[in-house]
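Undergrad: predicted model, plus sequence, below.
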Amino acid sequence: MFPFRKKPAAASPPPAETAGASFPDAGIAAAAPPPRPETRRRKWARRISRGFAIFSIIFILLVGWLALTAPLSKSLEPIAPPEITLLASDGTPIARMGAIVDKPVDVGKLPRHVTGAFIAIEDRRFYSHWGVDPRSIARAIWANVSGGRSQGGSTITQQLAKFTFLTPKKTLGRKAREALIAFWIEAWLSKDDILDRYLSNAYFGDNTYGLRAASLHYFSRQPEKLTPAQAAMLAGLVQAPSRLAPTKNPDLAAKRMKLVVQAMVDTGYMTQAEAKALRTPRVDVRSRNDLPTGTYFADWALPEARKLSDVGYSRQTIRTTLDARLQGIARRVTANSGVGKAQVALVAMRPNGEVVAMVGGRDYAASPFNRVTQARRQPGSTFKLFVYLAALKDGKEPDDLIDNQPITVGSYQPKNAGGAYSDTITLEDGFASSSNVAAVRLLREVGDDKVIRMARDLGVTSPLARGDPSLALGTSSMTLLELTAAYAAVAANAYPVVPHAFKEEENGWFENLFFGPEHFGSRVHDDIEELLRAAVNRGTGRAARLPQANFGKTGTSQDSRDALFVGYANGLVVGIWVGNDDNSPLHGVVGGGLPARIWRDFMVQANGKRAPAKAPPGRETDPGGPVQQLDVPDIPAIPVADKTSIEVKDGNAVISTEIGGTRVDLRLPVGDRPSETAPPPP
């Protein structure tokens, strides 16, 4: 039997619509049917959901980025460091630095014509846009393209974002970030909050930031009391504060004010009749008897003053350790020193590190570079203090002998000044005569590790060369300030001494017990003072000798490029440096000569033993440091209350206070001179 086979099914006839059609490629499959509408909708839904997810992630990242880089709290802080007035220890103002700022404004308390002036000229649609105004941008683009008057398209919110969070550099990326931050600010703050922060931080020229400070500066009244004309003038300054400031360009300020007034009419903040009645306001800038904005001492003290001041808008006065009388003496003795074209620097401090006088060069106006705190120069033989201290601490005594014959260490061969050698010399005589060969031998005996450790203990932070025998002769550079502080540590028998410009609280006995300074043993301290006394009384520093106990050391670097004298007496530690900024040799100047004489002149006058010498012609007004009482005829304003100050001006005592938002000055004659309205004496 044969297996059963199924018959193939008969072919179905082609559909009617395809009958008779030819199929040249019979092996190609028929085209896929078009997707159904439901499938298309699902695809679009997936695309939209993915796009939304990506947008959400980007948005979250941008919010996090803004939270880190542009915190809203930053817009509550002044955009420029507020003004600080530094006072001498007796209360005499010596320097004023920083921007003129004042308390923030509250737009809810400002008259309508004040806020209206700024909105009308800066951002007419402020209360209707979301931080960026497309109309303003389009108008600005059209004006710039068509050749019309150049306009800005930034809103008040964008301006707040710009000067609070961004740099002034004009780039497309910065503008994009500005717009993004503006949207963010609008989302988190009310319109009044934004206007508050804008008006409290905007720049108005004359180093003045914020509406309150500008109102007081230009019109001597609080912003709540501004007239429409005054408000319009201030609103006009924001466009170009430095160019439009009425103190510098009153005509331009008046012209700009008229544009603001017309804008206020156009926006309904003022009627045409009111605008016609306005007159250009009179600027009322009260004399602030400005002090220097930079001096050697002030430049050094300012960073620390910023740390001591509160973060905010208030101006502050901070009392320093500077002694006005001693600073005046320092200025005179350096001006009269006869250094020629060389530079001279002086720093005086108490043994606890309180700096009482500082002159960083011959003329601050010509060169603000501070040669006390910034210049690193070779200390010469003044560095021998650390060598001999390390030796004394190691057990040596002033009467111990050391070889004083010529020495060669490798290729280095130090020489004594004048070729003065001997078989041996005591440590005291070697220090007093500043024997170089004795100092190098002492460094080798003690070890440079101990010498460097001693310098570090006394506060020297500059690099010190190890394995170099010339270290004993002061070839490693350092500042005059740290060198003088090291001598102050010896004077105080407490180390390290940190120089400072502001009073510091004294530690209690418990803090001193566990965290207090280190002290030399009584034997070591007595011995080093014996050496320092010998150097002044019968050694290289004889030109600095005083009629009372004095201690010090001379120093002269190679080729007389630096000449120094550092010492202490009468509770003062003083360092003197003379040299050229280009490090060229001094001719005929050594530490025991001119620097020692300057040191003595300062010490004598500081002790009140001699009248100050007259400055040479042409140098009477050279500041050389902070301006003191004798340098100015009037006494600058001294704050005595929150809004009250007193000053002496043109022979009158001027008491300034504030009544009802307006500044009032009361002038009283000073001295025995009768006033013009007083009756004649009987």
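TA: Arrived safely, thanks for sending. Quick caveat: nothing in here was measured; it's all calculated off a predicted structure. Residues are numbered from 1 along each chain as shown.

Undergrad: report the contact partners of the closest residue to Lys393 other than its chain neighbours.
TA: Nearest residue to Lys393 in three dimensions, chain neighbours excluded: Val524, at 5.4 Å (CB to CB, 6 or more residues apart in numbering). Every residue, glycine included, has its C-beta placed from N, CA and C. With contacts defined as CB atoms under 8 Å, 6 or more residues apart in numbering, the neighbours of Val524 are 389, 392-393.

Undergrad: distance check, Asn201 against Gly555.
TA: Taking CB to CB, to the nearest Å as the measure, Asn201 and Gly555 are separated by 51 Å.

Undergrad: the two - which one has more neighbours?
TA: Just comparing Asn201 and Gly555: by other CB atoms under 10 Å the higher neighbour count belongs to Gly555, 31 against 23.

Undergrad: so what's that one bridging to?
TA: Taking DSSP bridges, one obtains Leu564 as the residues bridged to Gly555.

Undergrad: let me see the ranges of the strands in this structure.
TA: Remark: strands assigned in the chain by DSSP state E are 84-87, 93-97, 316-319, 343-349, 355-359, 401-404, 422-426, 551-556, 562-569, 572-579, 635-639, 645-649, 652-659, 662-669.

Undergrad: of these, which is nearest Ala235?
TA: strand 662-669 (20.3 Å; CB to CB).

Undergrad: give me the neighbour count for Leu594.
TA: Leu594 has 23 neighbouring residues, counting by other CB under 10 Å.

Undergrad: with Arg47 instead?
TA: 10.

Undergrad: also Ala273?
TA: Counted by other CB under 10 Å, the residues lying close to Ala273 total 8.

Undergrad: same deal with the one 3 residues further on?
TA: Counted with other CB under 10 Å, the burial measure for Lys276 works out to 9 neighbours.

Undergrad: re earlier: among the strands of the chain, which is nearest Asn416?
TA: strand 401-404 (7.8 Å).

Undergrad: buried residues in that closest one?
TA: For strand 401-404, a neighbour-count test (16 or more other CB atoms under 10 Å) marks 402-404 as buried.

Undergrad: and it, how far out from the chain's middle?
TA: The chain centroid and the centroid of strand 401-404 are separated by 51 Å under CA atoms, centre = their mean, to the nearest Å.

Undergrad: circling back to that earlier point, closest to Gly340 out of the buried residues of strand 401-404?
TA: Distance ranking of the buried residues of strand 401-404 against Gly340, using CB to CB, places Asn404 first at 35.0 Å.

Undergrad: so who does that closest one touch?
TA: Per CB under 8 Å, 6+ apart, neighbours of Asn404: 416, 421-425, 430, 435, 437-438.

Undergrad: tell me what the closest residue to it other than its chain neighbours is bridged to.
TA: Using CB to CB, 6+ apart and skipping the chain neighbours, the partner closest in space to Asn404 is Ile425 (4.0 Å). Beta bridges link Ile425 to Ile402, judged by DSSP bridges.

Undergrad: can you count the residues close to Ile425?
TA: Residues lying near Ile425 (other CB under 10 Å) number 22.

Undergrad: so how far is Asp403 from it?
TA: Taking CB to CB, one finds Ile425 at 8 Å from Asp403.

Undergrad: next up, the contacts around the closest residue to Ser462 other than its chain neighbours.
TA: Excluding its sequence neighbours, the residue lying closest to Ser462 (CB to CB, 6+ apart) is Met478, at 3.9 Å. Residues near Met478 by CB under 8 Å, 6+ apart: 376-377, 379, 460, 462.

Undergrad: relative to Gly541, how far out is Met478?
TA: 20 Å.

Undergrad: lowest-confidence helix or strand of the chain?
TA: Every helix and strand in the chain was compared by mean pLDDT, DSSP states H and E; the lowest is strand 635-639, with a mean of 53.

Undergrad: distance check, the residue nearest to Pro463 when sequence neighbours are not counted against Leu302.
TA: Leaving aside its chain neighbours, Pro463 sits nearest to Ser476 (6.6 Å; criterion: CB to CB, 6+ apart). The gap separating Ser476 from Leu302 is 29 Å, by CB to CB.

Undergrad: repeat for Arg125
TA: 43 Å.

Undergrad: who's more crowded, the two?
TA: Under the neighbour definition other CB under 10 Å, Arg125 and Leu302 were set side by side, and Leu302 has more, 20 against 14.

Undergrad: wait, the more buried one touches Ile84, no?
TA: Yes: the criterion here is CB atoms under 8 Å, and Leu302 meets it with Ile84 at 7.3 Å.

Undergrad: could you pull out the helices for the stretch 251-400 of the chain?
TA: According to DSSP state H, counting those that start in this stretch, the stretch 251-400 of the chain carries its helices in the segments 272-277, 296-308, 324-335, 384-393.

Undergrad: and those helices, which is most packed in?
TA: Highest mean neighbour count of these: helix 384-393, a mean of 26 (counted as mean count of other CB atoms under 10 Å).

Undergrad: mind giving me the packing neighbours of that one?
TA: helix 427-432, helix 436-446, helix 448-457, helix 480-492, helix 522-537 (3 or more CB pairs under 8 Å, 6 or more residues apart in numbering; DSSP states H and E).

Undergrad: can you do 10 Å?
TA: helix 427-432, helix 436-446, helix 448-457, helix 480-492, helix 522-537, strand 551-556 (3 or more CB pairs under 10 Å, 6 or more residues apart in numbering; DSSP states H and E).

Undergrad: make CSV from the contacts of Asn404 and add pLDDT to it.
TA: Formatted as CSV, the contacts of Asn404 follow (pLDDT from 0 to 100):
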residue, pLDDT
Asn416, 94
Tyr421, 95
Ser422, 95
Asp423, 96
Thr424, 96
Ile425, 97
Gly430, 97
Ser435, 97
Val437, 97
Ala438, 97
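
Undergrad: most neighbours among those residues, which one?
TA: Busiest of the contacts of Asn404 [other CB under 10 Å] is Ala438, holding 31 neighbours.

Undergrad: shouldn't that one be in contact with Asp423?
TA: No: when contacts are counted by CB atoms under 10 Å, Ala438 is not listed as touching Asp423 (11.7 Å).

Undergrad: now list whatever residues contact both of the two.
TA: By CB atoms under 10 Å, 6 or more residues apart in numbering, Ala438 and Asp423 have these common neighbours: 401, 403-405.

Undergrad: of the residues you listed, closest to Leu346?
TA: Nearest member of those to Leu346, counting by CB to CB, is Asn404, at 33.3 Å.

Undergrad: got the confidence number for the closest one?
TA: pLDDT for Asn404: 97.

Undergrad: distance of it relative to Glu530?
TA: On the measure of CB to CB, Asn404 and Glu530 end up 19 Å apart.

Undergrad: returning to that earlier point: just send the contacts of Val524 back as CSV, with pLDDT too.
TA: Putting these into CSV (pLDDT from 0 to 100) gives the following:
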residue, pLDDT
Leu389, 98
Leu392, 98
Lys393, 97
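
Undergrad: okay, those in CSV with distance to Asn336 next?
TA: Converted to CSV, the contacts of Val524 look like this (distance: CB to CB, whole Å):
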residue, distance to Asn336
Leu389, 34
Leu392, 38
Lys393, 40
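
Undergrad: which one of those residues is nearest Pro595?
TA: Of all those, Pro595 sits closest to Leu389, with 21.5 Å by CB to CB.

Undergrad: how close does that closest one get to Asp527?
TA: Applying CB to CB to Leu389 and Asp527 gives a distance of 9 Å.

Undergrad: tell me the contacts of Lys109?
TA: By CB under 10 Å, 6+ apart, Lys109 lies in contact with 222-224.

Undergrad: highest neighbour count among those?
TA: Within those, most neighbours by other CB under 10 Å means Pro223, with 28 neighbours.

Undergrad: mind checking how far that residue is from Ile48?
TA: According to CB to CB, Pro223 and Ile48 sit 51 Å apart.

Undergrad: pLDDT below threshold where in the stretch 1-150 of the chain?
TA: In the predicted model of the stretch 1-150 of the chain, residues 1-37, 59-60, 62-79, 136-150 satisfy pLDDT under 70.
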